[in-house]
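[1] sharing a sequence plus its predicted fold:
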Amino acid sequence: MKKPTIIMISVEKGGTGKTTVALELCSTFGKDYKVLGIDLDPQMNLTMYAGANEKTGKTLKNVLDADILIEDSIQHLKDFDLIPGDKKLANASKLYGDADDIYLLKDALEDINDYDFIFLDSAPARSPLLYMEYVASDYIIAPTECDDGSIEGLLEIGEDISRFKKHGQTHVEVLGTLMNKMENTAMHKNSYEDLQTLADKIGGKPFKTKIRKSIVASEAKTMRESINDYKPGNNVALDFRNLKDEIIERLQERKNSNN
């Protein structure tokens, strides 16, 4: 029985376009593979921008609390399926304070075998939800921008992974860092070089593909669509299709190196 590849889209800093990356990967991969997206951010932006029903009363929180079966929370969208987020997860630190709670997401996904990929949209800060993702995931894709705060957020990911691996709680690896909202400036080029230098510290080199900055990303959010559906001929849509190919290539390289 096949197990889906679980990839968390995460960096411990807000404003890096994390949700946009999660939505575009769900949509782009969903045209060729069976994909499940899970919204772990209490702001529920992935749920909203994907055009999902936000008021079903069947959310990720209900799954984590064992109020419903995980399959009962899944919504079927155009290109992928989605488990919607829940604003009540903003209280995750109070709700999931027991040591064993970090395994709740992993346990919930244990019997989900009919997907090729599961993409997790993370909250941009350390919390029990983020720790659940580290335990449940196979890989991390970390979007970043051209600023010192983004670099610090990447270093914190490396520290977290080391801590969880020390206690045997995760096997997650950084698949790669992603330069998002890229502009053709010396500052952005220097930031990409910084990501290459950082690779050894966090275990993942930057993707060659860079996501260009474009107003189309904001337009697509307003239309509750992915860029890939809203304007498939746009440069950013092309960037994400190229990123999909590069992700598949890296996953195959990791698979071959582990055999």
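    Yes, it's here. Numbers count the residues shown, from 1 in each chain.

[2] how long is stretch 39-58 end to end?
    12 Å (Cα to Cα, to the nearest Å).

[3] and the strands in the stretch 101-250 of the chain?
    All strands of the stretch 101-250 of the chain, identified by DSSP state E, counting those that start in this stretch, fall at 117-121, 139-144, 173-179.

[4] so which of those gets nearest Ala217?
    strand 139-144 (12.2 Å; Cβ to Cβ). Bear in mind the C-beta positions are built from the backbone N, C-alpha and C, glycine included.

[5] sorry, back to before: just the strands of the stretch 101-250 of the chain: most buried one?
    Ranked by mean neighbour count, these are led by strand 117-121 with a mean of 27 (mean count of other Cβ atoms under 10 Å).

[6] picking that back up, a markdown table please, covering the strands of the stretch 101-250 of the chain and showing distance to Lys208 and mean pLDDT.
    Formatted as a markdown table, the strands of the stretch 101-250 of the chain follow (distance: least, Cβ to Cβ, whole Å; pLDDT from 0 to 100):
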| stretch | distance to Lys208 | mean pLDDT |
| --- | --- | --- |
| strand 117-121 | 20 | 97 |
| strand 139-144 | 14 | 92 |
| strand 173-179 | 9 | 92 |
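
[7] ok, for Gln196, nearest residue in space, not its chain neighbours?
    Pro206 (5.9 Å; Cβ to Cβ, 6 or more residues apart in numbering).

[8] number of nearby residues for Gly158?
    18 (other Cβ atoms under 10 Å).

[9] can you tell me how far it is from Phe164?
    11 Å (Cβ to Cβ, to the nearest Å).

[10] and Asn259, what pLDDT?
    What the model reports for Asn259 is a pLDDT of 69.

[11] related to what we said a few turns ago, so who does the residue nearest to Gln196 touch?
    For Pro206, the contact set (Cβ atoms under 8 Å, 6 or more residues apart in numbering) comprises 176-179, 192, 195-196, 199.

[12] picking up where we left off before, closest to Asn258 out of the strands of the stretch 101-250 of the chain?
    strand 173-179 (10.0 Å).

[13] quick check: phi and psi at Leu69.
    Main-chain dihedrals, Leu69, degrees, to the nearest 10: phi -70, psi 150.

[14] so who does the residue nearest to it when sequence neighbours are not counted touch?
    Ranked by Cβ to Cβ, 6+ apart and with sequence neighbours excluded, the top spatial neighbour of Leu69 is Val63, at 7.9 Å. For Val63, the contact set (Cβ under 8 Å, 6+ apart) comprises 69-70, 73, 83, 108.
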